[in-house]
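*Asks:* I need the structure of the sequence given here:
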Amino acid sequence: MLSVLNIIVLRFLFRFYNFYLAREKHFARRLRSLIGFTPSNLNIFILAFSHKSNQSEKAYAIQNNERLEYLGDAVLGTIVAEYLFKKYPHGNEGFLTKMRSKIVKRKALNQIGDSMGLDTLLAEYNNTRLSRSMLGNAVEALVGAVYLESGYTGTKKFVIKKILKRYVDVHELENFDDNYKSQLLEWCQKSGKTVSYKLVSRYKADKRDRFKVAVMINGQKIATADDFNKKSAEQLASEKALSILDIHLENNSAR
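*Replies:* Numbers count the residues shown, from 1 in each chain. A predicted model of the protein is given here:
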């Protein structure tokens, strides 16, 4: 069996090789600026940016970032939960849960992936049209790859230093209400209107079910949106409806 010292030496040698001599040394150097270190296993990081739409249809050809995305989702959620638990020692469970949801929800991760410049890496390793959702998936897959390379402690350092402190304004999120369904319902109640949601269609995209939902006010369709989750589609449709209503309200007030 290899001793701890031998493992450390081997990792150092692999990292040295990847940074200076490997065929993918340019990728290794980009990763160093992105995650703060040169990984010893470059393949797992290349896999983190390989989308399933770029791969074989065969069941055994699992050469994409889905499994890393699954792992990264769990690890990221745990790290964010621990970070918030320590940051808000008097925060109750409901507050902490809402804060975590605001940080790790799909829209927020897409924005983080965009700010990190992950689109350039996705474009390099995929021969397919890039969608915004691929950015959030890549963030989770990258976290999963860092976890396999560095363990929980190293991943926590990466997430806090390279993601949370750079791209998440936690104090701004404290007062940010992203429950658009609740906001729309409140507006309708104050205005004496009724709000409801209608499933317009359900279809397949990237081998997954996708839902298109319409938000109705007093039986009239105001906005539609689609997502892989029905509740998320309702939130997106509500956000669009609020935007439209704000425009109408501004127009009315201008008169």
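
*Asks:* Which residue ranges of this structure form strands?
*Replies:* 195-205, 208-217, 220-227 (DSSP state E).

*Asks:* Isn't residue 71 up against residue 144?
*Replies:* Yes: the pair residue 71 and residue 144 passes the contact test of Cβ atoms under 8 Å, sitting 3.7 Å apart. Any C-beta I mention is one placed from the backbone N, CA and C, and that applies to glycine too.

*Asks:* Those two - which one has more neighbours?
*Replies:* With neighbours defined as other Cβ atoms under 10 Å, residue 71 and residue 144 compare such that residue 144 has more, 25 against 17.

*Asks:* correct me, but the more buried one touches residue 48?
*Replies:* Yes: using Cβ under 8 Å, residue 144 is in contact with residue 48, at 6.9 Å.

*Asks:* what residues are shared contacts of the two?
*Replies:* By the contact definition Cβ atoms under 8 Å, 6 or more residues apart in numbering, residue 144 and residue 48 are jointly contacted by residue 68.

*Asks:* For this structure, which segments count as helices?
*Replies:* Listed in chain order, the helices of the chain (DSSP state H) span 4-20, 25-35, 42-48, 66-87, 93-104, 106-116, 118-125, 133-158, 165-167, 170-174, 180-191, 230-254.

*Asks:* so which of these comes closest to residue 203?
*Replies:* helix 230-254 (12.0 Å; Cβ to Cβ).

*Asks:* what's near enough to touch residue 95?
*Replies:* Here residue 95 is in contact with residue 88 (criterion: Cβ under 8 Å, 6+ apart).

*Asks:* Quick check: the gap between it and residue 85.
*Replies:* 11 Å (Cβ to Cβ, to the nearest Å).

*Asks:* so who does the nearest residue to residue 102 once chain neighbours are set aside touch?
*Replies:* Excluding the flanking residues, the one nearest residue 102 by Cβ to Cβ, 6 or more residues apart in numbering is residue 173, at 4.9 Å. By Cβ under 8 Å, 6+ apart, residue 173 lies in contact with 99, 102, 103.

*Asks:* closest to residue 35 among the residues you listed?
*Replies:* Distances from residue 35 to these, taken by Cβ to Cβ, are shortest for residue 103, at 18.6 Å.

*Asks:* just checking, the closest one touches residue 80?
*Replies:* Yes: if you go by Cβ under 8 Å, residue 103 and residue 80 touch, sitting 5.3 Å apart.

*Asks:* what residues are shared contacts of those two?
*Replies:* residue 164.

*Asks:* between those two, who's got more neighbours?
*Replies:* In this view residue 103 and residue 80 are compared by other Cβ under 10 Å, and residue 80 has more residues nearby, 24 against 21.

*Asks:* residue ranges with poor pLDDT in the stretch 101-250 of the chain?
*Replies:* For the stretch 101-250 of the chain, the stretches with pLDDT under 70 are 206-207, 247-250.

*Asks:* repeat that for 80
*Replies:* 127-129, 178, 205-208, 246-250 (pLDDT under 80).

*Asks:* The nearest residue to residue 53 once chain neighbours are set aside and residue 158: what is the separation?
*Replies:* In this structure, residue 53 finds its nearest non-sequential neighbour in residue 128, 4.6 Å apart by Cβ to Cβ, 6+ apart. According to Cβ to Cβ, residue 128 stands 27 Å off from residue 158.

*Asks:* So the two - more neighbours on which side?
*Replies:* A count of neighbours by other Cβ under 10 Å puts residue 158 above the other of residue 128 and residue 158, at 22 against 14.

*Asks:* how about that one, what does it touch?
*Replies:* Residue 158 neighbours (Cβ under 8 Å, 6+ apart): 35, 36, 143, 146, 150.

*Asks:* show me the contacts for the fourth one.
*Replies:* With contacts defined as Cβ under 8 Å, 6+ apart, the neighbours of residue 146 are 35, 154, 155, 158.

*Asks:* next one: the first one
*Replies:* Each residue near residue 35 by Cβ under 8 Å, 6+ apart is listed here: 142, 146, 158, 162.
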